[in-house]
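Peer 1: please work out how this folds:
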Amino acid sequence: MLRNFLVPVVFLAVLSASLANTSTGSVELDEISFNKVINKFEASLVKFDVAFPYGDKHDAFVALAKDSKDVDELLIAEVGVKDYGEKDNEVLAKKYGATKDNFPVVRLFLKGKNEPIPFDDSQGFTTDELRRFVRENTGLYLSLPGCVRSLDKLAIKFMKAKGENRRKVLKETEELQKEFSEKEAKSAKIYKTIMEKIIEKGDQFINTEHERVKKILSGKVSDEKKKEIGIRINILQTFHLYDKQPNIPTKEDL
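Peer 2: Prediction:
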């Protein structure tokens, strides 16, 4: 009687654990499945970590996995490593420079490239930094704080245009700005200012401005100022990566 009762209870416990893993939006890989799976994607962001991860860094990674669920070209995956028993995935982790002394370690694997790109967490292991890292190295569209989809599309259109056509896109941006909420209007002002500066100073403004604001960010500034500068960097990145960006869906497309 007791045995018959325990079987379904154990089954439900295992099932619940499995669902908990899949609900994160990331895929669990091991030494057998690793190459088979990542080779199917244009880009794979993989976190090597302890077998049962927790904490702020893990939460940041999981948040990215959930946010990027509609980006078909991108795989978000985890490799859980055990330093006991059979030491599952330990050899695989060491191959990519990940050990229990430096977990979690994140690597970006690109199709056709032999070596992955390491994620530098010196600026913080946050969802936003992970987004910037993926976007910068792949060109895949991942919305960042301060960015607005419709304005990102106009930024790309602006960069691809020449001469007077850029002024036409600037005009579109000004017209669109009137329709936004107060929060989006603040972002729109940044897009508009960047367009005006590019028309005035040329495309090189993007790089010089990016370096300027990064230098400010590396100094002593308030948290509020850091947030403002971070938004400006995010928007600048859209202009900088215009030739890598695929078609950006609007809200209506999703």
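
Peer 1: so where's the chain shaky on pLDDT?
Peer 2: Along the chain, the parts satisfying pLDDT under 70 run over 1-23, 243-254.

Peer 1: now do the domain split for it, please.
Peer 2: 20-138, 149-253 (automatic domain parsing).

Peer 1: do a quick rundown of the helices in this structure.
Peer 2: 2-22, 34-38, 56-67, 90-95, 127-138, 149-160, 164-177, 182-201, 204-217, 223-240 (DSSP state H).

Peer 1: and of those helices, who's closest to Leu75?
Peer 2: Of all the helices of the chain, helix 34-38 sits nearest to Leu75, with 6.3 Å by Cβ to Cβ. The way it works is simple: take the backbone N, C-alpha and C, and place the C-beta from them, glycine included.

Peer 1: export the closest one as CSV, just CAs?
Peer 2: Extracted in CSV, the C-alpha atoms of helix 34-38 (Å, rounded to 0.1, in the frame of the first residue of the first chain):
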residue,chain,number,x,y,z
PHE,A,34,26.8,20.1,-26.3
ASN,A,35,28.2,20.2,-29.9
LYS,A,36,25.1,18.6,-31.4
VAL,A,37,22.9,21.4,-30.1
ILE,A,38,25.0,24.5,-30.3
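
Peer 1: so what does it touch, helix or strand wise?
Peer 2: Helices and strands touching helix 34-38, by 3 or more Cβ pairs under 8 Å, 6 or more residues apart in numbering; DSSP states H and E, are strand 27-29, strand 43-50, strand 74-81.

Peer 1: any chance of the domains of the chain in JSON lines, plus mean neighbour count?
Peer 2: Shown next, in JSON lines, are the domains of the chain (neighbours: other Cβ atoms under 10 Å):
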{"stretch": "domain 20-138", "mean neighbour count": "17"}
{"stretch": "domain 149-253", "mean neighbour count": "15"}
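
Peer 1: ok, now how distant is Thr138 from Phe109?
Peer 2: 11 Å (Cβ to Cβ, to the nearest Å).

Peer 1: hmm, back to that, quick one, which of the helices of the chain is nearest to Lys47?
Peer 2: Distance to Lys47, taken as Cβ to Cβ, is lowest for helix 56-67 among the helices of the chain, at 5.2 Å.

Peer 1: contacts for the closest one next, please.
Peer 2: Here helix 56-67 makes contact (Cβ atoms under 8 Å, 6 or more residues apart in numbering) with 24-26, 45, 47, 49, 76, 78, 104, 106, 121, 125-127, 130-131, 134, 142-143.

Peer 1: wait, Leu140 sits on Ser44?
Peer 2: No. Between Leu140 and Ser44 there is no contact under Cβ atoms under 8 Å: 11.6 Å.

Peer 1: what's the overlap in contacts for these two?
Peer 2: By Cβ under 8 Å, 6+ apart, the residues touching both Leu140 and Ser44 are Leu74.

Peer 1: what residue, apart from its backbone neighbours, is nearest Leu92 spatially?
Peer 2: Nearest residue to Leu92, sequence neighbours excluded (Cβ to Cβ, 6 or more residues apart in numbering): Glu31, at 4.7 Å.

Peer 1: kindly apply the preceding question to Met195 instead.
Peer 2: Closest to Met195 by Cβ to Cβ, 6+ apart is Leu170, at 4.8 Å.

Peer 1: and for Lys87?
Peer 2: Nearest-residue entry for Lys87: Val81, 7.9 Å, with adjacent residues in sequence omitted and distances by Cβ to Cβ, 6+ apart.

Peer 1: what's the closest of the helices of the chain to Glu115?
Peer 2: Glu115 lies closest to helix 90-95 among the helices of the chain, at 10.9 Å (Cβ to Cβ).

Peer 1: output the contacting helices and strands for that closest one.
Peer 2: So helix 90-95, by 3+ Cβ pairs under 8 Å, 6+ apart, packs with strand 74-81.

Peer 1: who are the packing partners of the strand it packs on?
Peer 2: Against strand 74-81 (3+ Cβ pairs under 8 Å, 6+ apart) you get strand 27-29, helix 34-38, strand 43-50, helix 56-67, helix 90-95.

Peer 1: that's all I had, so thanks and see you.
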